[in-house]
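> Please work out how this folds:
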Amino acid sequence: MNVIVQKFGGSSLGTEESRTIAAKKVIAAAESGHGIVVVVSAMGRSPSPYATDMLFDLMGAVSDGMTRELDLALSCGETVSAALFAVLLQRLGLAASALTGWQAGIVTDCSYGEARIRKVRPERIQEDLDEGRVVVVAGFQGGTEQGEITTLGRGGSDVTAAALGCALHADRIEIFTDVDGIMTADPRIVPAAARVRRMTYREVCEMAHLGAGVIHPRAAEIAMEGGVPLWIKNTFSDDEGTLIADRARVVEGVPIPGDNVVTGIAHVGGLALVQVAFEVGPDLSLDLLRALADAGMSLDLINVSPGRMSFTIKEGQADAASDLLSGFPVEASVQLGFAKISAVGAGMRGVPGVMASIVEGLRRADVQIHQTADSHTSISCLVKAEDLPAAARALHEQFTLSL
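Reported below is the predicted structural model:
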């Protein structure tokens, strides 16, 4: 049986009206003759009583850190969603069953709050599909080999959908949300942002890692490994959305575009710039990096040279970094108020002049670059937070992404 995995986020499930709209998407897919597996997030967003943030706040008053009890509580939001949505589908005439992540065969490690999927045992799902039922699975959760309930971290329902899509050899995975697909930039700061019709897995992974929040990067990575096409669609419209697949693969008649040098602009705010200087001689950089890692600080935009080091951290870690660095024989400064703006595109690899175009666009907008980093599919620049909107618009225009 050919299978489609559909995932609905909390914004698609928050009201009876929105759940009914989502259910009609499921009915339409089922009528195409496919077996349907639906992955659901917790209903709504804070202050909705079943939203994950509300459950976290409730447990946070009594829980110290991520524990098995906290994960057990956080899993309730998706469990309620799965049961309610399955009953709704039954009322609308579809045979449907609801499963927790553990019942659906999602086996994880024991890292509470940020568990990673180790394997999927889809036999229970396959049995229900073979008997003609739509299977509604609680996203964001799984279980260890020892039977402990775990959660997959923020955005984990995307990861559930991708893992099930690969395990079931699905024809496609559809991620339904409240936007029309992946945009060329954040439309809140770039009004000219446009929907991207098609992206590669690697472009989406880069966009997600660099701040675009439409899909969890691990979900795109899992789908890429399994070769399952991903669609990002709007629950509340019939827009075709964004297709995520390898450029070499033609899916349902979607044409393969030319390799754009840059596909989209992503950003991350709330960063602090740390600059460290020390005597050239015994290299302190390794000791510093180890100490920062032991303190649980994730560094970005790292630049190391003889006697100097600079990097960014989250602003909330600035005081802790200052305290840590005061214990070393270095001169250090920690400055708040920075953001990272990134140009992403699978087509930039090996293309000369991309950095020059970025500098040209930002200079025209009078935006100062404080630091840079690059990969095969992205170039990132550190800018002052107040310059972020101008920087995003300038790069969007520089690479003509609104066309």
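
> just checking, what packs against the helix or strand of the chain with the lowest mean pLDDT?
None of the helices or strands of the chain scores lower by mean pLDDT, DSSP states H and E than helix 52-60, at a mean of 80. Where contact means 3 or more CB pairs under 8 Å, 6 or more residues apart in numbering; DSSP states H and E, helix 52-60 is packed against helix 68-91. Heads up, the C-betas are built off the backbone N, CA and C, glycines and all.

> which residues are contacting the least confident helix or strand of the chain?
The contact list for helix 52-60, computed with CB atoms under 8 Å, 6 or more residues apart in numbering, reads 10, 41-42, 45-48, 69-70, 73-74, 76-77, 140, 154.

> So among the residues you listed, which ones count as buried?
Neighbour-count burial (16 or more other CB atoms under 10 Å) applied to the contacts of helix 52-60 gives 10, 41-42, 48, 70, 73-74, 76-77, 140.

> could you give the angle of the least confident helix or strand of the chain to helix 68-91?
150 degrees (axes from the mean of the first three to the mean of the last three CA atoms, to 10 degrees).

> Which positions in helix 52-60 come out as buried?
Buried residues in helix 52-60, counted by 16+ other CB under 10 Å: 52-56, 59.

> ok, so what distance separates the residue positioned nearest the centre of the chain from residue 165?
Centroid-nearest residue in the chain, with CA atoms, centre = their mean: residue 216, separated by 2.1 Å. For residue 216, the distance to residue 165 (CB to CB, to the nearest Å) stands at 13 Å.

> Check residue 123 too.
Going from residue 123 to residue 165 by CB to CB gives 16 Å.

> For the residue nearest to residue 119 when sequence neighbours are not counted, grab the count of nearby residues.
Nearest residue to residue 119, sequence neighbours excluded (CB to CB, 6 or more residues apart in numbering): residue 107, at 4.8 Å. With neighbours defined by other CB atoms under 10 Å, the count for residue 107 comes to 18.

> residue ranges for the strands of the stretch 1-150 of the chain, please.
3-8, 35-40, 96-99, 106-108, 117-120, 134-138, 141-143, 149-151 (DSSP state E, counting those that start in this stretch).

> Figure out which of those strands is closest to residue 283.
Evaluated over the strands of the stretch 1-150 of the chain, closeness to residue 283 peaks at strand 117-120, with 38.5 Å, by CB to CB.

> tell me the mean pLDDT over stretch 336-353?
Across stretch 336-353, pLDDT averages out at 88.

> Endpoints of it, how far apart?
Stretch 336-353 has an end-to-end distance of 31 Å (criterion: CA to CA, to the nearest Å).

> That stretch: which residues count as buried?
For stretch 336-353, the neighbour count (16+ other CB under 10 Å) marks 338-348 as buried.

> Tell me the gap between that stretch and the middle of its chain.
Averaged C-alpha coordinates place stretch 336-353 at 18 Å from its chain's average position (CA atoms, centre = their mean, to the nearest Å).

> Equivalent analysis for stretch 162-172, please.
18 Å.

> what's in contact with that stretch?
2-5, 34, 37, 39, 104-106, 117, 120, 122, 125-126, 137, 173, 218-220, 222-223, 225-226, 228-231, 251.

> so how far is the first residue of that stretch from its last?
9 Å.

> ditto for stretch 340-356
End-to-end distance of stretch 340-356: 18 Å, with CA to CA as the criterion.

> Please list the outside residues in contact with that stretch.
Stretch 340-356 is touched from outside by 200, 202-203, 206-207, 210-211, 247, 259-268, 271, 300-301, 312, 358, 372, 374, 376-383, 388, 391-392, 395, 399, with contacts defined as CB under 8 Å, 6+ apart.

> Mark which of the residues you listed are buried, thanks.
Going by neighbour count (16+ other CB under 10 Å), those have 200, 202-203, 206-207, 210-211, 247, 260-268, 271, 300-301, 312, 358, 377-383, 388, 391-392, 395, 399 buried.

> Keep only those of these that are in strands.
264-268, 271, 300-301, 312, 378-383 (DSSP state E).

> State the pair within these that is farthest apart.
Greatest spacing in these, by CB to CB: 264 and 312 (21.1 Å).

> Might you report the residue contacts of the nearest residue to residue 161 once chain neighbours are set aside?
Leaving aside its sequence neighbours, residue 161 sits nearest to residue 7 (CB to CB, 6+ apart; 3.8 Å). Applying CB under 8 Å, 6+ apart to residue 7 gives the contacts 38-41, 139, 157-158, 160-161, 173-176.

> do that again at 10 Å, thanks
Residue 7 sits next to 37-41, 137, 139, 157-162, 164-165, 173-177, 215, 219, 230 when contact means CB atoms under 10 Å, 6 or more residues apart in numbering.

> Give me the domain ranges for this structure.
For the chain, automatic domain parsing gives the domain ranges 3-178, 264-398.

> I'd like the ones you listed as TSV, with distance to residue 188 appended.
Formatted as TSV, those follow (distance: least, CB to CB, whole Å):
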stretch	distance to residue 188
domain 3-178	13
domain 264-398	9
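
> Which one of those lies nearest to residue 189?
Closest approach to residue 189 among the domains of the chain (CB to CB): domain 264-398, 4.4 Å.

> thinking again about what came up before, are any of the contacts of residue 7 buried, and which?
Buried among the contacts of residue 7 by 16+ other CB under 10 Å: 37-41, 137, 139, 157-162, 164-165, 173-177, 215, 219, 230.
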